[in-house]
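Participant: The following comprises the amino acid sequence and a computationally predicted model.
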Amino acid sequence: MTVPKEIIIAGGGIAGLTLALSLHKHGIPFTVFEAVTELKPLGVGLNLLPHAMKELTNLGLDAALIQRGIETKEVCFFTGHGQQVFTEARGRAAGYNWPQLSIHRGDLHKVLLEAVRERAGDDAIKLGHKCVKIEQDSDSVTAHFVDPTGMPLPSVRGSLAISCEGVNSPTRVAMHPREAVPRYEGTTSYRGTTVWKPFLSGASMFYLGTREAGKLVMYPVRNNVDAEGRQLLNWVVEVARPGEDTSRDWNREADISEFISAFEHCKYDWLDIPAVLRAGDKVYQYPLVDQDPLPFWSQGRVTLLGDAAHPMMPRGSNGASQAILDVACITKCLHNESDPVSAFKAYELARLEPTKRVVLANRDISPDAVLRLVESRTGGKRFDKIEDVISKEELADWQERYRQIAGFSVKELNATSADKSQ
Ligand SMILES: Cc1cc2nc3c(=O)[nH]c(=O)nc-3n(C[C@H](O)[C@H](O)[C@H](O)COP(=O)(O)OP(=O)(O)OC[C@H]3O[C@@H](n4cnc5c(N)ncnc54)[C@H](O)[C@@H]3O)c2cc1C
């Protein structure tokens, strides 16, 4: 058994690698143990909200991320008929001190990985180490690992352990053995990417339709991917699929025939949506599943962070963003508290309630859910004037309520200085 007096980070995804960089900045020793043997640029696109970009800026990653992603300028909302409900500025265009960034998850992961290796050395990440159990006594933790064939690897002792193992975290299961099974909403999502010409502003994100009839979210995540100046467009379709599906595998492939019929009519002068979907690369299916918020995440010297702590439905661009906020908080707590167990409790106290509110908001009052309200008021029919259906104030209030819940209201966020202590 090796005996490092350091923090064991289980999981080298977005949360685990951001945590590594944050601890490294504060001189707190750590090692990341990741289950897979090779870190590949997996997934499709995601959005980093301005509060998460603030934290990534504090870690000196903003330039590298902005270079790879696209600063989102606006978000547009359309009904399933393609009628525009409203458009709202985002990121710096909305007055934030930090951008909102649309980026391929693989690009984000690569930037984090390269930074960890460059700053902390190759040894900071141990691949092929799947954590299966974490034990603790009064002054240490012992993590047990297996390799990809299931063969046991030498156990590792450390001072503390943080599970960044994502939605299927075994540490969460061990901490909450009687937790209910994941909650399936009755909707499944299909994710993909397509190389296409820029649409609208070239930095626009749009929501179209509702999950009952078929919903689409689309935004560009890479600029100039070829000589014609095309972009890589990320898209996510949500469609109602009654039944049970709690299989949370991010790499499950699917076929376009499972959802294309819901969008055949969506041919607009600004974008031929069925053509974009048809021209896509691989399609991945993921059920809209979350879990009821937990009563606690920390048990002595072990805690949960990111998706392991608060799996949420991927709406409102908060999956990665909330994980990054967790990192900023836990590092601050470890820095400020002399007793690490108290630090974990302080972190839990600070982050449990805010993330609980986001998990619950993502079920019914996420930014795009305003389109369900419009749909219910129009009975799914076309409208003559949107003002007859919903006022500008109500539309603005809907978005502001979500920003308040998720902690990225522009005035409040800008009022916080770029906290250099993180
Ligand atoms: C392959 C993949 C593709 C994804 N694609 C998308 C996407 O397209 N869009 C989107 O919005 N979100 C996607 N996500 C989820 C998104 O990354 C998270 O919601 C968010 O970034 C929070 O990150 P996290 O680090 O908590 O979890 P994750 O990013 O899921 O990272 C968890 C990490 O822990 C590792 N791990 C799991 N169990 C163990 C264990 N027992 N021991 C050691 N390591 C372990 C995993 O291999 C993974 O690297 C994807 C996640 C994964 C793993």
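Facilitator: It's in.
Participant: What residues does the closest residue to the ligand within the chain make contact with?
Facilitator: In the chain, the residue that lies nearest the ligand is residue 13 (1.9 Å; Cβ to the nearest ligand atom). Just so you know, the C-beta spots here come from the backbone N, C-alpha and C atoms, and that holds for glycine as well. Taking Cβ atoms under 8 Å, 6 or more residues apart in numbering, we find residue 13 in contact with 109, 164, 166, 306, 307.
Participant: Any part of the lengthiest helix in the chain near the ligand?
Facilitator: Ranked by number of residues, the top helix in the chain under DSSP state H is helix 340-364. No. Using Cβ under 6 Å from any ligand atom, helix 340-364 stays clear of the ligand, coming no nearer than 11.5 Å.
Participant: Quick one: list the elements packing against that helix.
Facilitator: If you count contacts as 3 or more Cβ pairs under 8 Å, 6 or more residues apart in numbering; DSSP states H and E, helix 340-364 packs onto strand 283-290, strand 302-304, helix 319-336, helix 392-406.
Participant: Contact residues of this protein facing the ligand?
Facilitator: For the chain, the residues in contact with the ligand (Cβ under 6 Å from any ligand atom) are 10-16, 33-36, 42-44, 46, 105, 130-131, 164-166, 168, 170, 191, 250-251, 306-308, 314, 319-320, 323.
Participant: Now list the buried members of the residues you listed.
Facilitator: The neighbour count (16 or more other Cβ atoms under 10 Å) marks 10-16, 33-35, 43-44, 46, 105, 130-131, 164-166, 168, 170, 191, 250, 306-308, 314, 319-320, 323 as buried among the residues of the chain next to the ligand.
Participant: helix/strand/coil for residue 239?
Facilitator: Recorded secondary structure, residue 239: strand (DSSP: H, G, I helix; E, B strand; the rest coil).
Participant: that older thread, can I get the contacts of residue 13 in TSV including pLDDT and distance to residue 220?
Facilitator: Below are the contacts of residue 13 laid out as TSV (pLDDT from 0 to 100; distance: Cβ to Cβ, whole Å):
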residue	pLDDT	distance to residue 220
109	97	19
164	98	28
166	97	26
306	98	26
307	97	25
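Participant: Narrow these to those in helices?
Facilitator: Reading helices off those with DSSP H, I get residue 109.
Participant: out of the contacts of residue 13, who's nearest residue 339?
Facilitator: Comparing these against residue 339 with Cβ to Cβ picks out residue 164 as the nearest, at 22.0 Å.
Participant: is it true that residue 270 touches residue 198?
Facilitator: No. The pair residue 270 / residue 198 is not scored as a contact, 10.5 Å apart, by Cβ atoms under 8 Å.
Participant: In terms of neighbours, single out the busier of the two.
Facilitator: Using other Cβ atoms under 10 Å as the criterion, residue 270 and residue 198 rank with residue 198 on top: 16 against 11.
Participant: my guess is that one meets residue 225, correct?
Facilitator: No. With contact defined as Cβ under 8 Å, residue 198 does not count as touching residue 225 (10.9 Å).
Participant: could you dump stretch 51-60 to CSV, C-alpha only?
Facilitator: Written as CSV, here are the backbone C-alpha positions of stretch 51-60 (Å, rounded to 0.1, in the frame of the first residue of the first chain):
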residue,chain,number,x,y,z
HIS,A,51,-20.3,32.1,-13.0
ALA,A,52,-18.4,29.0,-14.0
MET,A,53,-16.3,31.0,-16.4
LYS,A,54,-15.4,33.3,-13.6
GLU,A,55,-14.0,30.3,-11.7
LEU,A,56,-12.2,28.9,-14.7
THR,A,57,-10.8,32.4,-15.4
ASN,A,58,-9.4,32.4,-11.8
LEU,A,59,-7.6,29.2,-12.7
GLY,A,60,-6.1,30.8,-15.8
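Participant: Would you map the helices across the stretch 51-200 of the chain?
Facilitator: Listed in chain order, the helices of the stretch 51-200 of the chain (DSSP state H, counting those that start in this stretch) span 62-68, 105-120, 170-175.
Participant: Minimum distance to residue 370: which of those helices has it?
Facilitator: helix 105-120 (26.1 Å).
Participant: In terms of secondary structure, what does the closest one contact?
Facilitator: Helix 105-120 sits against helix 14-25, strand 45-48, helix 62-68, strand 125-126, with contacts defined as 3+ Cβ pairs under 8 Å, 6+ apart.
Participant: how many other residues sit next to residue 70?
Facilitator: By other Cβ under 10 Å, neighbour count at residue 70 equals 26.
Participant: err, residue 45, not the other one
Facilitator: The burial count for residue 45: 28, using other Cβ under 10 Å.
Participant: Got the confidence number for the closest residue to it other than its chain neighbours?
Facilitator: The spatial neighbour of residue 45 that comes closest, neighbours along the chain excluded (Cβ to Cβ, 6 or more residues apart in numbering), is residue 234 at 2.8 Å. pLDDT, residue 234: 97.
Participant: Tell me which of the helices of the stretch 51-200 of the chain approaches residue 265 most closely.
Facilitator: helix 105-120 (30.3 Å).
Participant: tell me which residues in that closest one are buried?
Facilitator: 105, 106, 107, 108, 109, 110, 111, 112, 113, 115, 116, 120.
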